[in-house]
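Peer 1: Would you be able to build a 3D model of this:
(chains A, B, C and D)
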There are 2 protein chains.
Amino acid sequence: MARPRFLKLPPQQQQAILRAALEEFAAHGFHDASLNRVIEAAGISKGSMYYYFDGKEDLYAYVAQTEFAGLFERVGPPPDFDAGDAESFWSALEDYYRQLLQALAASPQLAAMLRGWSAAAKNPAFQEVQGELEQASVPWIEQALAAGQKVGAIRDDLPASLLIAVALGMGEAMDLWLMSQPVDPGSLPAQVHGLIDMMRGAFAPRGPAQQAGNAIL
Amino acid sequence: MARPRFLKLPPQQQQAILRAALEEFAAHGFHDASLNRVIEAAGISKGSMYYYFDGKEDLYAYVAQTEFAGLFERVGPPPDFDAGDAESFWSALEDYYRQLLQALAASPQLAAMLRGWSAAAKNPAFQEVQGELEQASVPWIEQALAAGQKVGAIRDDLPASLLIAVALGMGEAMDLWLMSQPVDPGSLPAQVHGLIDMMRGAFAPRGPAQQAGNAIL
DNA sequence: ACACCCTTTAGACCACTGGTCTAGACTGGT
DNA sequence: ACCAGTCTAGACCAGTGGTCTAAAGGGTGT
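Peer 2: Residues are numbered from 1 along each chain as shown, chains lettered A, B, ... in the order given. Here you go, the predicted model:
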């Protein structure tokens, strides 16, 4: 994850490399990004690049981590999900999700990288990197799940791994859908509400009356 | 999509090429699969391969399409979703989904290809191919959605494109989760029931009492 | 039997990829 | 002045997907 030597570089050169890499990865995704182009755009030699980073994956992981860290820093820490009742849990989640999306909309390159992230993460060679990053950017899903179960907002009749997988899948689909829409700050809250409402329907505990989803019947 | 010449080949040689390609793609995914290895394994020359197929993507798309078609043929056509009430809609969906999964479990190579499919499909160069295949294998999601709305089993307060996107995302996550579990035919029905129950919670219409998910409150 | 044309095959060749390696430039310490 | 360690440049490597040319087959008309 970025040889320490890299951090000793003058920040200006660090920035040049990072900017070139971000641009390339955002434009082409991980696989079709060309390390040679990054090297050329950054104005360094191949030897230097491999002196600072272990390789393409390492560079990608570092850029992604850095950018994500910046995003979460801009938004601030997640609220305490496990203080209050189920109702406040869901509204806190909705608020936080909306803030994240607004921040993401402000950095289109990061959004583009995220779009290709899940594809890259399926590469077996990436699971190690993904593990590191999941502990740095996705962990709050796991925590939020546990917190939700504690306050009775989330069902506990299914395996946690399944809940996490489906939550990630839904989240990814929602993010992609939102990013494919024209960005309208005015309607975003309503859209986010609809999304969280679907999550709530999927993950809320089932009442004694079999399923809760069919209130219309 | 597979030059017509290919179809005029003796079936035996078609099989040899298809088997080699399926094996390679299943083992390495689209990107890391080597066309040269496929050529070697199939025992043909590079010129012949490019004479029969437009390129790597074309070969992949053809193999995927062929295998999927075989799967759907094995399972049979989907039932009529729009006959009956909401309750029968959901149980028909559950049955059909379970049958598909059982068939999929019987062909591990197809399962492996599917695992890498969504990753490959995110490549812009693939959207054309994906479009063709979505019309061949996923269209019933769209139809099922419309049918479900007709019988009052599916909400219609959100854009259809969003429902489709989320349904695809949830489906993909569920498939991947199931394929990562040890296959236990005995517990599969219960797992499928849990998955459909989550879908139901997300997509069922909301009753007049705001949300239906919080029946526990 | 010959010539003709179209289909098919073989594989050399191309630009490019990520990654390795070596030779040397630069630096600070003695 | 010498040496050791840090850093840089870029030639080089095996492998990639894809193109292209030259020749081999195979059928048909004469």
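
Peer 1: mind checking how far the residue lying closest to A:Ser34 once chain neighbours are set aside is from A:His31?
Peer 2: Distances taken as CB to CB, 6 or more residues apart in numbering or on different chains put A:Glu24 closest to A:Ser34, at 6.9 Å, once the chain neighbours are dropped. Yep, even glycine has a C-beta here, placed from its N, CA and C like the rest. Per CB to CB, to the nearest Å, A:Glu24 is found 12 Å from A:His31.

Peer 1: what does A:Ala105 give?
Peer 2: 25 Å.

Peer 1: what helix or strand does whatever residue of chain A ends up closest to DNA strand D sit in?
Peer 2: Distance from DNA strand D to each residue of chain A (CB to the nearest atom of the strand) is smallest for A:Gly47, at 2.2 Å. Per DSSP states H and E: A:Gly47 is located in helix A:46-52.

Peer 1: Give me the contact list for that helix.
Peer 2: For helix A:46-52, contacts defined as CB atoms under 8 Å, 6 or more residues apart in numbering or on different chains pick out A:2-3, A:5-6, A:9, A:17, A:35-36, A:38-39, A:42, A:59.

Peer 1: what's next to the helix or strand where A:Leu104 lies, contact-wise?
Peer 2: Element membership of A:Leu104 [criterion: DSSP H and E] is helix A:86-105. Under the criterion CB under 8 Å, 6+ apart, residues A:71, A:74-76, A:78-82, A:84, A:110-111, A:114, A:144, A:147-148, A:151-153, A:175, A:178, A:183, A:185, A:188-189, A:192-193, A:195-196, A:199-200, A:204, B:214, B:216-217 lie in contact with helix A:86-105.

Peer 1: just to revisit the earlier point, could you look up the SS state of the residue nearest to A:Ser34?
Peer 2: Each residue gets one of three states, and A:Glu24 gets helix by DSSP: H, G, I helix; E, B strand; the rest coil.

Peer 1: and it, what does it touch?
Peer 2: A:33-34, A:37-38, A:41.

Peer 1: Out of the residues you listed, grab the one that's most surrounded.
Peer 2: A:Val38 (23 neighbours; other CB atoms under 10 Å in any protein chain shown).

Peer 1: ok, which stretches of chain A are helices?
Peer 2: A:4-7, A:11-32, A:35-42, A:46-52, A:56-75, A:86-105, A:108-121, A:127-137, A:139-150, A:160-180, A:188-203 (DSSP state H).

Peer 1: Quick one: those helices as TSV, columns for distance to B:Ala64 and mean pLDDT too.
Peer 2: Below are the helices of chain A laid out as TSV (distance: least, CB to CB, whole Å; pLDDT from 0 to 100):
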stretch	distance to B:Ala64	mean pLDDT
helix A:4-7	41	88
helix A:11-32	18	93
helix A:35-42	29	96
helix A:46-52	36	95
helix A:56-75	27	91
helix A:86-105	32	91
helix A:108-121	16	77
helix A:127-137	24	60
helix A:139-150	31	86
helix A:160-180	21	88
helix A:188-203	29	94
